[in-house]
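J.: Let's see this in three dimensions:
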Amino acid sequence: MKKQNKVKIIAEIGPNHNGNFKLAKKMLVHLSKTKVDIVKFQLGNPDNIYSKDSIFANYQKNTKYKNPISLSKKNQLSQKSHEYLKKLCNELKMIYSCTAFDLKSLIFLDKKLNIPFFKIASGEIHSLDMLEYISKSRKPVILSTGMSNINDISQSLKILKQYKKKNISLLHCVSSYPTKLKDMNLKRIDILKNKFKLEVGLSDHSVSLIPAIVAITKGATIIEKHVTFSKKLKGPDHQASLEISEFKDFVNMIREAEILCNTKLNKINFSEINVKNVSRKSIVSANFIPKGKKIQSDDLCFKRPGYGVSPLNKKKILGKRSSKNIEADKIILIKDLY
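T.: Residues are numbered from 1 along each chain as shown. Purely as a prediction, here's the structure:
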């Protein structure tokens, strides 16, 4: 993580390459111009993921494919393709990452591609074989929490922590595609932080830029957003994604929000000092005060500028005497009194 706890931004390509290796490469080249931190893909052998009883989610039903297995096979890239994509990410100065959906794919990503962290998808939160494998690794873990209640999350964390794993982050997530703003439930970020005492981020499936900004104001340290080359492409996730042309503005907005929320100073900002001196008031002589005169309330008034004695300290001046003649309508300084 870079200085000042920089928010990690993950561009989730997922299956939005539509199984087209050339499109995947093209997306990486264009994403490199957005200054995103991490690009994430998905990998899994559909035969190891889906049984014959598998069904489509509602958002997946508008497809020509007869079952989830055939749709998933259409949107997969080979392991060789992923090896190349990781090299391309390195060349483009982006971090390659990938979510596995079966144990063999997870082991390949870990051992062969040495992914920098494990990302556990919401649907895999109770995949015992993968959780146990990950629990034995020292690599960081990002756990998505879509479709999960507190007990679901607690059960998974118990497994992940069985070997004292500490570097775990949670992503608040709503697993509907696209997610309506009324369903975003961003207050859950606070609930997750308070309950589990872990870093929390947002996996955002809305088509709005606003939820990520709000999440940062709540202390989110990771923002994951799906990205596509074009929402006009056919496939299950394109409509819940930002186009790459929008993603650069998205990254810039997050960085600006990060600046807005990064400072925790409980004092006056240096940039305010000049305005403070100009706009606040000081104790000023209401009339001519001769040398030696005892200061009374009628001798004082409050006027700008504010670099003199604060009106709140009026009692400290009353009863003192002037050590020199003080003209009317002049700031009274402590050094001029005794």
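J.: give me the element the nearest residue to residue 59 once chain neighbours are set aside is part of.
T.: Leaving aside its sequence neighbours, residue 59 sits nearest to residue 177 (C-beta to C-beta, 6 or more residues apart in numbering; 4.5 Å). The C-beta positions use only the backbone N, C-alpha and C, and glycine is treated the same way. For residue 177, there is no host helix or strand (DSSP states H and E).
J.: Please report phi then psi for residue 177.
T.: Note on residue 177: backbone dihedrals following degrees, to the nearest 10 are phi -130, psi 110.
J.: which residues touch it?
T.: Contacts for residue 177 (C-beta atoms under 8 Å, 6 or more residues apart in numbering) come out as 57, 59, 205, 236, 237, 239, 240.
J.: possible to save the residues you listed as JSON lines with distance to residue 278?
T.: Shown next, in JSON lines, are the contacts of residue 177 (distance: C-beta to C-beta, whole Å):
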{"residue": "57", "distance to residue 278": "60"}
{"residue": "59", "distance to residue 278": "57"}
{"residue": "205", "distance to residue 278": "48"}
{"residue": "236", "distance to residue 278": "58"}
{"residue": "237", "distance to residue 278": "54"}
{"residue": "239", "distance to residue 278": "53"}
{"residue": "240", "distance to residue 278": "50"}
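J.: Just among these, which is most surrounded?
T.: residue 205 (26 neighbours; other C-beta atoms under 10 Å).
J.: do you know how far that residue is from residue 122?
T.: For residue 205, the distance to residue 122 (C-beta to C-beta, to the nearest Å) stands at 10 Å.
J.: cool, residue 221 as well?
T.: As judged by C-beta to C-beta, residue 221 and residue 122 stand 18 Å apart.
J.: ok, back up a step: which neighbours do residue 205 and residue 122 have in common?
T.: 173, 175.
J.: Doesn't residue 9 belong to a strand?
T.: Yes: judged by DSSP: H, G, I helix; E, B strand; the rest coil, residue 9 forms part of a strand.
J.: and it, what is it in contact with?
T.: Here residue 9 is in contact with 36, 37, 38, 223, 225, 251, 254 (C-beta under 8 Å, 6+ apart).
J.: ok, so of those residues, who is nearest residue 81?
T.: Nearest to residue 81 among the contacts of residue 9, counting by C-beta to C-beta, is residue 38 at 18.4 Å.
J.: thinking again about what came up before, of the contacts of residue 9, which is the nearest to residue 182?
T.: residue 225 (19.0 Å).
J.: and the closest one, what element?
T.: Using DSSP H and E, residue 225 maps to strand 222-228.
J.: got a list of contacts for that strand?
T.: For strand 222-228, using C-beta under 8 Å, 6+ apart, the contacting residues are 7-14, 16, 27, 31, 40, 142, 169, 171, 199, 201-205, 212, 215-216, 237-238, 240-244, 247, 250, 254.
J.: now stretch 144-164
T.: So stretch 144-164 is contacted by 119-123, 125-126, 128, 131-132, 134-136, 141, 143, 168, 170-175, 191-192, 195-196, 203 (C-beta under 8 Å, 6+ apart).
J.: Just those: which are in helices?
T.: Judged by DSSP state H, those include 128, 131, 132, 134, 135, 191, 192, 195, 196 as members of helices.
J.: what's the nearest residue to the first one if we skip its chain neighbours?
T.: For residue 128, ignoring the flanking residues on the chain, the nearest one in space by C-beta to C-beta, 6+ apart is residue 159 at 7.1 Å.
J.: before we move on, what about the second one?
T.: In space, not counting the residues next to it along the chain, residue 131 is nearest to residue 159; the distance is 4.5 Å by C-beta to C-beta, 6+ apart.
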